[in-house]
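**Q** can't give you the sequence, but here's the structure:
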């Protein structure tokens, strides 16, 4: 009878570890998708790490994928908010291109 309990406990541990790894993989995928956007690239150019502001009205921060105490719903809510705030930086590339076009026209 004890062998069954021990075996079941080991199996449960393996299942929990597999679920944990699956959760980490999904979280990393969401972070990767956000970091591939033009908004994120522009954000990195516009706001250097040492100048970022913390707090409620601070700058955009990548959600912590290592904090497994956050539920799936809470984590994806943080990712959704992060992605929305990154869209504020989507137009930066267009602004830079427009400025360079104006400079080229002035040189002519």
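**A** Right, received. Where do you want to start? Computed from a predicted structure; not experimentally measured.

**Q** helix or strand for residue 39, which one?
**A** helix 38-46 (DSSP states H and E).

**Q** show me what counts as buried in that helix.
**A** For helix 38-46, the neighbour count (16 or more other CB atoms under 10 Å) marks 39-43 as buried. For glycine as for every other residue, the C-beta is placed from the backbone atoms N, C-alpha and C.

**Q** dump those residues to TSV, plus pLDDT and distance to residue 85.
**A** Output for the buried residues of helix 38-46, formatted as TSV (pLDDT from 0 to 100; distance: CB to CB, whole Å):
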residue	pLDDT	distance to residue 85
39	94	9
40	92	10
41	93	14
42	93	12
43	91	9
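
**Q** and the residue nearest the centre of the chain?
**A** The centre of the chain sits closest to residue 31, judged by CA atoms, centre = their mean, with a distance of 3.4 Å.

**Q** before we move on, what SS does it have?
**A** What DSSP: H, G, I helix; E, B strand; the rest coil gives for residue 31 is helix.

**Q** residue 61 is in contact with that one, correct?
**A** No: between residue 31 and residue 61 there is no contact under CB atoms under 8 Å: 11.5 Å.

**Q** what's the helix or strand for residue 19?
**A** helix 2-35.

**Q** show me the contacts for the closest residue to the residue nearest to the centre of the chain other than its chain neighbours.
**A** Of all residues not flanking residue 31 in the chain, residue 65 sits nearest, at 5.6 Å (CB to CB, 6 or more residues apart in numbering). By CB atoms under 8 Å, 6 or more residues apart in numbering, the residues touching residue 65 are 24, 27-28, 30-31, 75.

**Q** where does this protein dip in pLDDT?
**A** 1-8, 56, 93-108 (pLDDT under 70).

**Q** make it 90
**A** Applying pLDDT under 90 to the chain flags residues 1-11, 46-61, 88, 90-108.

**Q** which elements pack onto the helix or strand that contains residue 79?
**A** Element membership of residue 79 [criterion: DSSP H and E] is helix 72-86. With contacts taken as 3 or more CB pairs under 8 Å, 6 or more residues apart in numbering; DSSP states H and E, helix 72-86 sits against helix 2-35, helix 38-46.
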